[in-house]
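# Task: produce atomic coordinates for the following.
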Amino acid sequence: MTERRLARRYDLALPVVVHLAVNKETPHNGQTRDISTRGVYFSLQRELTPGAELDFTLTLPAEITQGTEVFVRAHGRVVRVDRDKDPERTGANVGVAAVIERYDIIRGESGRG
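Below is the predicted model of the structure:
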């Protein structure tokens, strides 16, 4: 199989806060598995639907940026959902692959709020 990704993907396990763009309901906490400038894969304890729009926020720590913390606010769309197939696990995570349609990068303390 040939690699179809256009942007390099980085394996990063970071906390992510996800808001569904449609109804702006309570945010959901998850964790990234990997990320690139064009997409992100994260796990969440909430079922999402392919095609759903979402907003998410994550923080790149200073150790990764080799400087100060960097806050990333992004808007995207779900392209794939990987459901846990084990019926014994309750509250199991759902894997979500999303394309990033736009993002803002904010350095340092000004990104909070």
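# what about the residue nearest to residue 68 when sequence neighbours are not counted, neighbour count?
Leaving aside its sequence neighbours, residue 68 sits nearest to residue 108 (Cβ to Cβ, 6 or more residues apart in numbering; 4.7 Å). C-beta coordinates here come from the backbone N, C-alpha and C atoms, glycine included. Residue 108: 12 surrounding residues under other Cβ atoms under 10 Å.
# Was I right to think residue 108 contacts residue 65?
No - taking contacts as Cβ atoms under 8 Å, residue 108 lies outside contact range of residue 65: 10.4 Å.
# can you list contacts of the lowest-mean-pLDDT helix or strand in the chain?
When the helices and strands of the chain are compared on mean pLDDT, DSSP states H and E, helix 62-65 comes out lowest with a mean of 84. With Cβ atoms under 8 Å, 6 or more residues apart in numbering as the contact definition, helix 62-65 has outside contacts at 12, 68-69.
# can you check stretch 19-38 too?
5-18, 40-46, 48, 52-56, 58, 75, 93, 95-96, 99-100, 103.
# in the least confident helix or strand of the chain, what's buried?
Residues of helix 62-65 include none that count as buried (16 or more other Cβ atoms under 10 Å).
# now that helix, how far from the centre of its chain.
Centroid separation between helix 62-65 and its chain, computed with Cα atoms, centre = their mean, to the nearest Å, is 18 Å.
# just checking, next helix/strand downstream of that helix?
strand 70-82 (DSSP states H and E).
# Tell me which other helices or strands that following strand touches.
Counting contacts by 3 or more Cβ pairs under 8 Å, 6 or more residues apart in numbering; DSSP states H and E, strand 70-82 packs against strand 39-44, strand 53-60, strand 94-107.
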